[in-house]
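1. Here is a sequence together with a model predicted from it:
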Amino acid sequence: MPDLVLEVRGVDKIYGEAETAIYALKNVSFSVKKGEFILIVGSSGSGKSTLLNMIGLLDRPTNGKVFIDGLDTSTLNDNQISSFRNSKLGFIFQFSNLLADLTVLENVVLPRRIQKTDTNAVEEAKLLLKTVGLESQMNKYSNKVSGGQAQRVAICRSLINKPTIVLADEPTGNLDSVSAETTVQLMKSLNRKLGHTFIVVTHDRQQFGDVDKVITIRDGKIIEDEITEIPTIT
Ligand SMILES: Nc1ncnc2c1ncn2[C@@H]1O[C@H](COP(=O)(O)OP(=O)(O)O)[C@@H](O)[C@H]1O
Ligand SMILES: [Mg+2]
């Protein structure tokens, strides 16, 4: 099935042991096709970040498997995981986590330098920054731009390695409503334009409008796997 970029199969995550064990995920299974825009919603403590951490290979499931691009990621050792993560996955967090002593442009290029694939990286980074309307901010230090602009830089950084999947954990959680709206619209238009798959954790489902699928988690379990209208691409 070449068009499946992600398959989560029977994933449990248990933190701690015995009486203090917390069952953060219970038998979670779903799959995602290339180019889909998926939301993961649920109340605080339901297991959204834990699930995103499993998909992002930031932590391993207690039981079950995560397949990315058809590869069983449980077969990778820690070094292989780091390299696989950097090349196949892009991350956007609630706080943009930019490096303050680098410029906007340097922050976007950084994942390519780490991956040692920096040929054309500067040109590609400039193009991405132009797409999100930050052409004029490129050479500023990243602590000199606004919160909304910083999140747009983080979006560019997440895309510079042309990842198979972009993972975002509450990307608008720290933004005012106008910046939040801009961030949502940018992610959606980049998804349509560049075809990257997006999996976004949010507590504000309405903010995102039409998406391909909404996965609702409660107490570590998927309670609803609702397929919504796929918007017509114009
Ligand atoms: N590293 C951890 N150690 C122990 N418990 C954790 C850890 N991370 C999360 N949890 C617990 O797992 C459950 C799910 O947390 P989380 O995935 O952060 O939820 P959400 O992102 O939906 O708010 C919560 O009960 C939380 O307290
Ligand atoms: Mg969370």
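-> Structure's in. What do you need? Numbering: from 1, shown residues only. Ligands and ions are numbered 1, 2, ... in the order given.
2. and the next element down the chain from the helix ranked longest in the chain?
-> Longest helix in the chain, counting residues (DSSP state H): helix 177-194. Note on helix 177-194: by DSSP states H and E, the next helix or strand toward the C-terminus is strand 197-201.
3. Is that following strand positioned near ligand 1?
-> No: with C-beta under 6 Å from any ligand atom as the criterion, ligand 1 is not reached by strand 197-201; the gap is at least 6.7 Å. All C-beta spots, glycine's among them, are computed from the backbone N, C-alpha and C.
4. and the angle for that strand with helix 177-194?
-> If you take axes from the mean of the first three to the mean of the last three C-alpha atoms, to 10 degrees, strand 197-201 sits at 150 degrees to helix 177-194.
5. which residues are contacting strand 197-201?
-> 5-6, 32-41, 48-49, 51-52, 55, 164-171, 187, 191, 208 (C-beta atoms under 8 Å, 6 or more residues apart in numbering).
6. let's see it at 6 Å
-> Strand 197-201 is contacted from outside by 5, 34-40, 48, 52, 165-170, 187, 191, using C-beta atoms under 6 Å, 6 or more residues apart in numbering.
7. Kindly format the C-alpha coordinates of stretch 21-37 as CSV.
-> C-alpha atoms of stretch 21-37 as CSV (Å, rounded to 0.1, in the frame of the first residue of the first chain):
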residue,chain,number,x,y,z
ALA,A,21,1.1,2.8,36.1
ILE,A,22,-0.7,5.3,33.8
TYR,A,23,-2.3,3.8,30.7
ALA,A,24,-1.8,6.8,28.4
LEU,A,25,-2.7,5.0,25.2
LYS,A,26,-4.9,1.8,24.9
ASN,A,27,-4.9,-0.2,21.7
VAL,A,28,-4.8,2.8,19.3
SER,A,29,-4.9,1.9,15.6
PHE,A,30,-5.4,4.1,12.6
SER,A,31,-3.7,4.8,9.2
VAL,A,32,-3.0,8.0,7.3
LYS,A,33,-2.7,8.4,3.5
LYS,A,34,-0.2,10.5,1.7
GLY,A,35,-1.3,14.2,1.6
GLU,A,36,-4.0,14.0,4.2
PHE,A,37,-4.6,16.7,6.8
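8. in that stretch, what counts as buried?
-> Y23, A24, L25, K26, V28, F30, V32, E36, F37 (16 or more other C-beta atoms under 10 Å).
9. now do stretch 7-26
-> E7, V8, R9, V11, D12, K13, Y23, A24, L25, K26.
10. Farthest pair within those?
-> E7 and Y23 (21.7 Å; C-beta to C-beta).
11. Show me which residues of this protein are close to ligand 1?
-> So the chain meets ligand 1 at Y15, G16, I22, A24, G42, S44, G45, S46, G47, K48, S49, T50 (C-beta under 6 Å from any ligand atom).
12. So which of those belong to strands?
-> Y15, I22, A24 (DSSP state E).
13. Report pLDDT for the residue nearest to F67 when sequence neighbours are not counted.
-> Setting aside the residues directly before and after it, F67 is nearest to E7 in space (C-beta to C-beta, 6 or more residues apart in numbering), at 4.1 Å. pLDDT recorded at E7 is 98.
14. Could I get the phi/psi values of E7?
-> phi -140, psi 120 (degrees, to the nearest 10).
15. Also the one 10 residues further on?
-> Geometry field for E17 lists phi and psi as phi -140, psi 160, criterion degrees, to the nearest 10.
16. same deal with G42?
-> Per degrees, to the nearest 10, the backbone of G42 is at phi 160, psi 160.
17. residues touching it, list them.
-> When contacts are taken as C-beta under 6 Å, 6+ apart, G42 is in contact with K48, T216, I217, R218.
18. Kindly recompute the last result at 10 Å.
-> 48, 51, 201-203, 205, 215-224 (C-beta atoms under 10 Å, 6 or more residues apart in numbering).
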